[in-house]
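Q: got a sequence here, can you build the structure:
(one chain, ligands or ions: 3)
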Amino acid sequence: MTVSSAPGKVYLFGEHAVVYGEPAVPCAIERRASVTVEARDDDRLRVHAKDLSIDGFTVEYSSETNATPDVNVSESLVRAGVGYIDAAIEQARDATDTPDAGFDITVESNIPLGAGLGSSAAVTVAAIDAATRELGVTLSSDEIADRAYKAELAVQDGEASRADTYCCATGGAVRVEGDDCRSIEAPDLPIVVGFDGGAGDTGKLVAGVRALRDEYDFAAETVENIGDIVRQGEQVLADGDLDELGKLMNFNHGLLEALGVSSRSLDNMVWAARDAGAMGAKLTGAGGGGCIVALDPTDETKTALRFTPGCEDAFRAELDTEGVRVE
Ligand SMILES: Nc1ncnc2c1ncn2[C@@H]1O[C@H](COP(=O)(O)OP(=O)(O)OP(=O)(O)O)[C@@H](O)[C@H]1O
Ligand SMILES: C[C@@](O)(CCO)CC(=O)[O-]
Ligand SMILES: [Mg+2]
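A: Residues are numbered from 1 along each chain as shown. Ligands and ions are numbered 1, 2, ... in the order given. Okay, the predicted model is just below:
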């Protein structure tokens, strides 16, 4: 039996624009997904994901021949739920040259699903690490990141950047621009996360931005402008100027809002954080619902968020310097 875990992440800057080759800066946070893998004697997969809740149902799913999930939902919905695990196992089989390897897999996570904290990347990265180790192969974190990116690409219909998967495989703060992925230095960041209890569909939101970008030149320019914010933000991060970092995060949120990926509850939480004195606040990840990230060294933002209608949870998130690891 092998257990691996990987962290979730927040974006300081650059989500969505990173899909079109602009740079982005995600940071791993101390919330992890953990995947337990046990090799089977046959070629079957049994996935037990007790946290997996899509539109209010929980599923324990086995992809064994003729097996059905223990809930009354369509096969396609369940497939969507376990798609990242299936794609991760495909990568692990390929990496170990064992196309018929079967596994019992258990996923446990304290990263909210579909909420912009990179739960899909964390689950995919941890599953690839655990399954390959279970078969006696140890991949470098760069190779795990590359394979996890390919798995995300497959599930998200060919629309994904390397940012989430590289960040959660490597840990810490990273910079991703196209295929160029690297770790960067970051000062202590007083990160506060607000969660509206909801989720957004990454694939749909990315497709929506692509449609706007194709239709309007100014939407394409908005994407490029996000890239300009990231380039400036990198310098500000290196200087450790948190007030300026916050201003740039606010600007980034405005442009994401313009691209149609915010929501009323995300905007409410962003404004509650700013009113409470946060240095800056923005949505994180694909958007549509889910989480915001704010910078505030005091407890004011966290407290204000807890009293904000539509905010279900608010917590401080420490930068996690460790990426994927075997437990
Ligand atoms: N605990 C878990 N157990 C099983 N599958 C999970 C778990 N957490 C996430 N997943 C998979 O990841 C999917 C959510 O990924 P999605 O990319 O939509 O959101 P996210 O990664 O949380 O947010 P973002 O990509 O915006 O950062 C779930 O539908 C499921 O397939
Ligand atoms: C929206 C997006 O930029 C980030 C999702 O966490 C998609 C991606 O980079 O694959
Ligand atoms: Mg994701």
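Q: up against ligand 2, what does the stretch 1-150 of the chain have?
A: Within the stretch 1-150 of the chain, the positions adjacent to ligand 2 are 15-16, 18-19, 118 by C-beta under 6 Å from any ligand atom. In this view, the C-beta of every residue, glycine as well, is placed from N, C-alpha and C.
Q: next step: these restricted to strands.
A: Per DSSP state E, strands hold no members of these.
Q: after the helix or strand bottoming out on mean pLDDT in the chain comes which helix or strand?
A: Least confident element among the helices and strands of the chain, by mean pLDDT, DSSP states H and E: strand 57-62 (a mean of 54). Once the chain leaves strand 57-62, the next helix or strand it forms, by DSSP states H and E, is helix 75-96.
Q: and which of the residues of the stretch 1-150 of the chain next to ligand 2 is nearest to residue 52?
A: Nearest to residue 52 among these is residue 118, at 15.9 Å by C-beta to C-beta.
Q: any idea which helix or strand carries the closest residue to residue 287 other than its chain neighbours?
A: Distance criterion C-beta to C-beta, 6 or more residues apart in numbering; nearest residue to residue 287, sequence neighbours excluded, is residue 261 at 3.5 Å. Counting by DSSP H and E, residue 261 is held by no secondary-structure element, helix or strand.
Q: quick one, phi/psi of residue 318?
A: phi -80, psi 150 (degrees, to the nearest 10).
Q: mind checking the SS state of the closest residue to it other than its chain neighbours?
A: Once flanking residues are discounted, residue 318 sits nearest to residue 30: 4.6 Å by C-beta to C-beta, 6+ apart. The three-state assignment at residue 30 reads strand, by DSSP: H, G, I helix; E, B strand; the rest coil.
Q: residue 30 - how many residues pack around it?
A: Per other C-beta atoms under 10 Å, the neighbour tally for residue 30 reads 16.
Q: quick one: it and residue 9 touch, right?
A: No. The pair residue 30 / residue 9 is not scored as a contact, 10.7 Å apart, by C-beta atoms under 8 Å.
Q: which bits of the protein sit near ligand 3?
A: By C-beta under 5 Å from the ion, the residues of the chain that approach ligand 3 are 120, 202.
Q: quickly list the domain ranges of the chain.
A: Annotated domains of the chain cover 2-185, 191-317 [automatic domain parsing].
Q: tabulate those domains (TSV), appending distance to residue 326.
A: Below are the domains of the chain laid out as TSV (distance: least, C-beta to C-beta, whole Å):
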stretch	distance to residue 326
domain 2-185	5
domain 191-317	23
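Q: which one of the residues of the stretch 1-150 of the chain next to ligand 2 sits closest to ligand 3?
A: For those, the minimum distance to ligand 3 (C-beta to the ion) is 5.6 Å, reached by residue 118.
Q: the closest one against residue 285, yeah?
A: Yes. With contact defined as C-beta under 8 Å, residue 118 counts as touching residue 285 (6.7 Å).
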